[in-house]
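*Asks:* Sequence first, then the predicted structure:
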Amino acid sequence: MKTAIITGASSGIGKAIAYELAKEKYNLLLIARRENLLSEICNELSKNYKIKTHYVVMDLSKNNDFSFIKNYFLENFDSIDVLVNNVGIGYYGEIEKISVEDIEKIFWTNLFSHILITKEFVPIMKEQGYGIIVNIISLIAFYPLKKWSLYSATKSAQMGFFKSLRKELFRSKIKIINVYPGATETEFFKNLELPYKFPKLDNPEKVAKKVVKAIKKNKNKEVFISLWGWLVQKLSVWF
């Protein structure tokens with residue numbers, strides 16, 4: 001059976017991806033802050049799909065011993081097929097209201113944790129001769145919005161890092177899939193106090209199905225959830 005690691009797996013897109021991969025008989029290591037939700041998800045998936053599930057409780061909004069994730073994984077699984085860098089938080093507000101704590105929290109969550117967890121697992125993927133790294137980014141990486149400066153910065157940096165890493169790993173058999181959802185029906189947006197509503201929200205399950213479809217192809221790929229998303233990316237050079 002194949003194995004996947006998913007960060008931010010207790011809700012939203014991460015949880016939806018866990019369910020879709022479970023249907024494909026992937027063993028899973030789930031990472032998030034809320035142990036009660038992780039335990040519930042793991043119990044349900046292992047019971048319903050007869051797969052092996054483990055979880056690590058870790059707050060990825062600050063510096064951690066990321067080697068712990070690797071060591072825990074190696075103690076419980078034989079190989080890694082897919083790493084899903086999904087964890088993310090938002091920030092909406094004017095520049096003068098941004099604190100140092102806000103900056104540190106969002107950069108650790110949306111960027112640094114992704115880089116450092118990837119750093120732990122790339123050598124394993126190189127040694128075994130295969131692996132897929134999936135990165136849940138955002139359309140905002142192409143089209144920054146007013147008062148989303150911190151979030152836009154992290155997503156643009158995330159996109160740049162993993163596009164560069166793809167070139168670095170070109171001669172290996174490691175594939176990198178970058179996924180660009182628009183606004184999605186998750187706790188992420190429910191927890192933000194916005195003065196407006198997005199006209200249309202993506203569905204986490206739809207995003208997850210697109211992700212699993214891309215994983216099955218085992219190719220370097222940029223994934224857009226809808227035609228609208230693809231158009232935003234194409235038209236962004238004009239704005």
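*Replies:* Thanks, I have the structure now.

*Asks:* okay but residue 138 is in contact with residue 180, surely?
*Replies:* Yes: counting by CB atoms under 8 Å, residue 138 does reach residue 180; the two are 6.2 Å apart. No exception for glycine: its C-beta is placed from N, CA and C like everyone else's.

*Asks:* tell me the contacts of the most centrally placed residue in the chain?
*Replies:* The centre of the chain sits closest to residue 86, judged by CA atoms, centre = their mean, with a distance of 1.5 Å. Residue 86 sits next to 6-9, 13-14, 17, 134, 136 when contact means CB atoms under 8 Å, 6 or more residues apart in numbering.

*Asks:* Out of those residues, which is nearest to residue 63?
*Replies:* Checking the contacts of residue 86 against residue 63 by CB to CB gives residue 7 as the nearest, at 15.1 Å.

*Asks:* and the closest one, how many neighbours?
*Replies:* Residues contacting residue 7 under the criterion other CB atoms under 10 Å number 25.

*Asks:* For it, which non-adjacent residue is spatially closest?
*Replies:* In space, and not counting its chain neighbours, residue 7 is closest to residue 87: 4.1 Å by CB to CB, 6 or more residues apart in numbering.

*Asks:* Could you do residue 77 as well?
*Replies:* Spatial nearest neighbour of residue 77, excluding adjacent residues (CB to CB, 6+ apart): residue 3 at 4.9 Å.

*Asks:* Quick check: bridge partners of that neighbour?
*Replies:* residue 27 (DSSP bridges).

*Asks:* For it, give its distance to residue 97.
*Replies:* Here the distance between residue 3 and residue 97 works out to 42 Å (CB to CB, to the nearest Å).

*Asks:* Could you check which of these two is surrounded by more residues?
*Replies:* Neighbour count, other CB under 10 Å: between residue 3 and residue 97, residue 3 has more, with 21 against 9.

*Asks:* What are the contacting residues of the helix or strand hosting residue 29?
*Replies:* If you go by DSSP states H and E, residue 29 is part of strand 27-32. Residues outside strand 27-32 that contact it (CB under 8 Å, 6+ apart) are 1-11, 14, 18, 21-22, 38, 41-42, 45, 51-58, 60, 69, 72-73, 76-77, 87.

*Asks:* From those, keep the buried residues only.
*Replies:* Buried members of the contacts of strand 27-32, scored by 16 or more other CB atoms under 10 Å, are 2-11, 14, 18, 21-22, 38, 41-42, 45, 51, 53-56, 58, 60, 69, 72-73, 77, 87.

*Asks:* Could you list which of these belong to strands?
*Replies:* Secondary structure from DSSP state E places 3-7, 53-56 of these in strands.

*Asks:* what's the longest helix in the chain?
*Replies:* helix 149-168 (DSSP state H).

*Asks:* Render the CA-only coordinates of that helix in CSV, please.
*Replies:* Taking Å, rounded to 0.1, in the frame of the first residue of the first chain, the C-alpha atoms of helix 149-168 are listed here in CSV:
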residue,chain,number,x,y,z
SER,A,149,-0.4,41.6,1.7
LEU,A,150,0.9,39.1,4.2
TYR,A,151,-1.0,36.2,2.8
SER,A,152,-0.1,37.2,-0.8
ALA,A,153,3.5,37.4,0.1
THR,A,154,3.6,33.9,1.6
LYS,A,155,1.8,32.3,-1.3
SER,A,156,3.9,34.0,-3.9
ALA,A,157,7.0,32.8,-2.0
GLN,A,158,5.6,29.3,-1.7
MET,A,159,5.0,29.2,-5.5
GLY,A,160,8.5,30.4,-6.3
PHE,A,161,10.2,28.0,-3.9
PHE,A,162,8.5,24.9,-5.2
LYS,A,163,8.8,25.9,-8.9
SER,A,164,12.5,26.3,-8.3
LEU,A,165,12.7,23.0,-6.4
ARG,A,166,11.0,21.3,-9.3
LYS,A,167,13.9,22.4,-11.5
GLU,A,168,16.4,21.3,-8.9
